[in-house]
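Novice: Here is the input, now give the coordinates:
(chains A and B)
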Amino acid sequence: MKKLIDLVNSYYSKNKRLVAPLLGFPGVKMVGSSIKLAQQNHEEHFKVVNSLVTKFEPDFQFVLMDLSVEANALGLNTIFPPHESATVLKKDREFNMDDLDLLRKIEFDSDGRLLSYVKTVELMKLNFPSNVKVGAYVSGPYTLAGLIIGAEEAGLMAAREPEKLEKICVFTTECIMKYTRLLLSAGADAVCVLEPSGVMLGPSHFNKFSAVNVKEIVEICHRENVDCVYHVCGNSMHLIGEMVQSGVDALSLDSKDTGVELLEVAKSIPENVILIGNISPTKTIVYGNPQGVKTEVRDLLELMDGFSNYVLSTGCDLPLETPLDNVSAFMETGRNYMISC
Amino acid sequence: MSVLEDLKESVIAGNESKVVKYTQQALDEGVDLEEILNTGFIPGMEIVGNMFQANEIYVPEMLMSARAMKAGMKILEPLLTKAGIEPIGKVVIGTVKGDLHDIGKNLVAMMLEGAGFEVIDAGVDITPQKFMDLVKENKPDILCLSALLTTTMGEIKKVIDAFKENGLRDDIKIMVGGAPLTDDYSKEIGADGYSPDAASAVLLAKKLVGK
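Specialist: This next block holds a predicted model:
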């Protein structure tokens, strides 16, 4: 498969941009389904993402964003509200390092729901037009560790007992790599590592618990010539260097509202690392109107004109209640825009 | 170094056992309760907040300090109550309905405690009715609402609307926070203030109670 950077550069040479909002849940509404069903049934899941591809024709379509897949496959208590993404409940008892031995015995990659995501990717690869790239998500090593031991406990452990947390993150990385291999076999064109909890860490902790481990996920993606994307929610400006050092092909960054300055990032990263972002999913897309969306998208595209390594997207995932007219305005503005330098 | 200086440094370092030790030592030495609070805990947590805002420390270090401070406050609190020393304000805090993510809320709660507020932690997944009940029962100065998800941020508006509809809005200040929220959005939904992080939440809360 053509590497994403080559595709991005070829668009840039034609003064165009790839357009790929982080779009999944609005499709649930479009097909009259529920998030609960789509996250537990691969045919329904495919129907949801396919409806988005048919209507909006993005350059990339990812599966539904779901940070509970790996945690759920490890047997963690997960709830499935009908119209919200599945959520892992807080642990009701303290994590013990011996628990890792038990978790290792779980047949993680035989889990039904995890395999349902793999099958969704298969269906996407088989049925999407060839110009639409298929994206899959995996949890980040630190975020998954936080789900296993508790987010607050993970934060404290980072500072108090880093060697223990490192062990847990090595374990979570092993799990994520198993899942990644399945997604690669299913035909994913890109794997995006979701590390939302990573934003709470300082650079050295982020490197130790996330980036070093993500490097291994990147390596197995690269062996299959598949691109790997790093997504951190919130203001990740202090982590850009560490994210790049992991060897990923692209950084997907949150909106300016959170403090991310895309231009500043573009100036600081190598040209072969792609920047993906960062229109505000809430302020602009959910609570805005089509005219406002057009203005903000155009402003952002103009800002990024001087950089070849850029893909227009949203800063984070779009929720169920996203007005579809605003997504259309996003896509239309992105498609029609011509780079002027 | 005086025991209060040691206490302050231990809060900053997030050393729970030392905070407990120096709190007890200060009490044993007969140091005034308010002095322990105002010279040990509060400036310690203020420095932690400043370091966080300056990106000198991050959430793990802040959590350590907050937990250490909380351990010391556990010794101090009953004594403060017994001595009739009033907190600088009272706060009810919780995450809105459907939102189970509480690390941000917990940090804000601990930072507010460290700044001298009395904090009633409602927990997670709280309905507008439950927030109203808690406010009626506890009569706080401030209600803090937290939402981490784009799917639950709309619930914050529902809480504020419920307070308006039930004639309770004028009696309380409402501050909001959480990853998807912005200052603009907080104004739009009628909150009294928004803070992007736990350190700013303390400054905002103090401003809202006029301290």
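
Novice: just for the chain, where's the confidence low?
Specialist: Picking chain A for this. Within chain A, the set of residues satisfying pLDDT under 70 comprises A:1-2, A:341.

Novice: My question was about chain B, not that one.
Specialist: Low-confidence segments of chain B (pLDDT under 70): B:1.

Novice: ranges for the strands of the chain?
Specialist: You didn't pick a chain, so chain A it is. A:60-62, A:78-79, A:87-88, A:133-139, A:190-194, A:227-232, A:250-253, A:274-279, A:310-314 (DSSP state E).

Novice: Wait, chain B was what I had in mind.
Specialist: B:89-96, B:117-126, B:142-146, B:173-177, B:193-194.

Novice: What strands line up against the second one, and which way round?
Specialist: Neighbouring strands of strand B:117-126 in its sheet, by DSSP bridges, are strand B:89-96 (parallel).

Novice: With the last one instead?
Specialist: Each strand that pairs with strand B:193-194, with its direction, by DSSP bridges: strand B:173-177 (parallel).

Novice: hmm, back to that, dump the strands of chain A to CSV, plus mean neighbour count.
Specialist: Using the backbone N, CA and C atoms, a C-beta is placed for each residue, glycine as well. Formatted as CSV, the entries for the strands of chain A read as follows, by neighbours: other CB atoms under 10 Å in any protein chain shown:
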stretch, mean neighbour count
strand A:60-62, 25
strand A:78-79, 16
strand A:87-88, 22
strand A:133-139, 25
strand A:190-194, 25
strand A:227-232, 27
strand A:250-253, 27
strand A:274-279, 26
strand A:310-314, 26
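
Novice: near chain B, which residues of chain A?
Specialist: Contacts of chain A with chain B, taken as CB under 8 Å from any CB of the partner chain, map to A:81, A:84-85, A:87, A:89-90, A:151-152, A:155-156, A:158-160, A:200-202, A:205, A:233-234, A:238, A:257-259, A:280-283, A:286-287, A:316-321.

Novice: buried subset of the residues you listed?
Specialist: In the residues of chain A next to chain B, burial by neighbour count holds for A:84-85, A:87, A:90, A:151-152, A:155-156, A:158-160, A:200-202, A:205, A:233-234, A:257-258, A:280-283, A:286-287, A:316-320, counting by 16 or more other CB atoms under 10 Å in any protein chain shown.

Novice: Can you tell me which of the residues you listed end up in helices?
Specialist: Of these, the ones assigned to helices by DSSP state H are A:151-152, A:155-156, A:158-160, A:205.

Novice: and which of those residues is nearest to B:T150?
Specialist: A:A151 (18.1 Å; CB to CB).

Novice: Once you drop chain neighbours, what's closest to that closest one?
Specialist: B:I103 (4.5 Å; CB to CB, 6 or more residues apart in numbering or on different chains).

Novice: The one you found and A:E152 touch, don't they?
Specialist: Yes - counting by CB atoms under 8 Å, B:I103 sits close enough to A:E152 to count as a contact (5.1 Å).

Novice: what about B:A26, distance to chain A?
Specialist: 25 Å (CB to the nearest CB, to the nearest Å).

Novice: Wait, that residue touches B:S10, no?
Specialist: No - B:A26 is not in contact with B:S10 according to CB under 8 Å; the separation is 11.3 Å.

Novice: residues contacting B:G89?
Specialist: B:116-118, B:140-142, B:205-206, B:208-209, B:211 (CB atoms under 8 Å, 6 or more residues apart in numbering or on different chains).

Novice: Apart from its neighbours in sequence, what residue is nearest it?
Specialist: Nearest non-adjacent residue to B:G89, counting by CB to CB, 6+ apart: B:V209, 3.9 Å away.

Novice: quick one, phi/psi of the one you found?
Specialist: Note on B:V209: its backbone torsions stand at phi -100, psi 10 [degrees, to the nearest 10].

Novice: where's the residue nearest to A:A151 relative to A:C192, distance?
Specialist: To A:C192, B:I103 is 23 Å away according to CB to CB, to the nearest Å.

Novice: Who are the contact partners of residue 199?
Specialist: I went with chain A, as the question did not name one. A:232-236, A:239.

Novice: if you could check chain B rather than the one you did, that'd help
Specialist: B:48-50, B:52-53, B:62, B:111.

Novice: ok, 7 Å please
Specialist: B:49, B:52-53, B:111 (CB atoms under 7 Å, 6 or more residues apart in numbering or on different chains).

Novice: Specify which member of those is nearest to chain A.
Specialist: The nearest member of the contacts of B:A199 to chain A, counting by CB to the nearest CB, is B:F52 at 10.4 Å.

Novice: didn't that closest one look like it was pressed against B:M64?
Specialist: No - contact criterion CB atoms under 7 Å: B:F52 and B:M64 do not qualify, at 11.8 Å.

Novice: hey, what's in contact with both of the two?
Specialist: With CB under 7 Å, 6+ apart, B:F52 and B:M64 have no common neighbours.

Novice: ok, longest helix in chain A?
Specialist: Ranked by residue count and defined by DSSP H, the top helix of chain A is helix A:162-185.

Novice: Show me the beta-bridge partners of A:V311.
Specialist: In this entry, A:V311 is beta-bridged to A:I276, by DSSP bridges.

Novice: Show the contacting residues for it.
Specialist: Counted by CB under 7 Å, 6+ apart, A:V311 has contacts A:8, A:17-18, A:20, A:274, A:276.

Novice: can you list these in a markdown table and add distance to B:P196?
Specialist: Supplementary listing: those in a markdown table, determined by distance: CB to CB, whole Å:
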| residue | distance to B:P196 |
| --- | --- |
| A:V8 | 32 |
| A:R17 | 30 |
| A:L18 | 31 |
| A:A20 | 28 |
| A:I274 | 28 |
| A:I276 | 23 |
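
Novice: got the residues of chain B near chain A?
Specialist: Residues of chain B lying close to chain A by CB under 7 Å from any CB of the partner chain are B:14, B:55, B:58-61, B:63-64, B:67, B:98, B:100, B:103, B:106, B:150-151, B:153, B:179-180, B:182, B:184-185.

Novice: most centrally placed residue in chain B?
Specialist: Centrality entry for chain B: nearest residue to the mean C-alpha point is B:L112, 2.5 Å, by CA atoms, centre = their mean.

Novice: Mark out where each domain of chain B begins and ends.
Specialist: Per the record, chain B has its domains at B:3-82, B:89-208, by automatic domain parsing.

Novice: For the longest one, measure first residue to last.
Specialist: Distance between the two ends of domain B:89-208: 10 Å, counting by CA to CA, to the nearest Å.

Novice: quick one: terminal-to-terminal distance for stretch A:124-140?
Specialist: The first and last residues of stretch A:124-140 sit 23 Å apart, counting by CA to CA.

Novice: hmm, who's touching it?
Specialist: Outside of stretch A:124-140, the residues that reach it under the criterion CB under 7 Å, 6+ apart are A:46, A:49-50, A:53, A:58-63, A:65, A:67, A:70, A:121, A:176, A:179-180, A:183, A:186-195, A:198, A:210, A:214.

Novice: now do 6 Å
Specialist: In this structure, residues lying in contact with stretch A:124-140 by CB atoms under 6 Å, 6 or more residues apart in numbering or on different chains are A:53, A:60-63, A:65, A:67, A:70, A:121, A:176, A:179-180, A:183, A:187-195, A:198, A:210.

Novice: can you pull the contacts of A:F171?
Specialist: Under the criterion of CB under 6 Å, 6+ apart, the neighbours of A:F171 are A:L100.

Novice: Quick check: it vs chain B, distance?
Specialist: For A:F171, the distance to chain B (CB to the nearest CB) stands at 20 Å.

Novice: Over to A:E302?
Specialist: 22 Å.

Novice: Count the residues that sit near that residue.
Specialist: 13 (other CB atoms under 10 Å in any protein chain shown).
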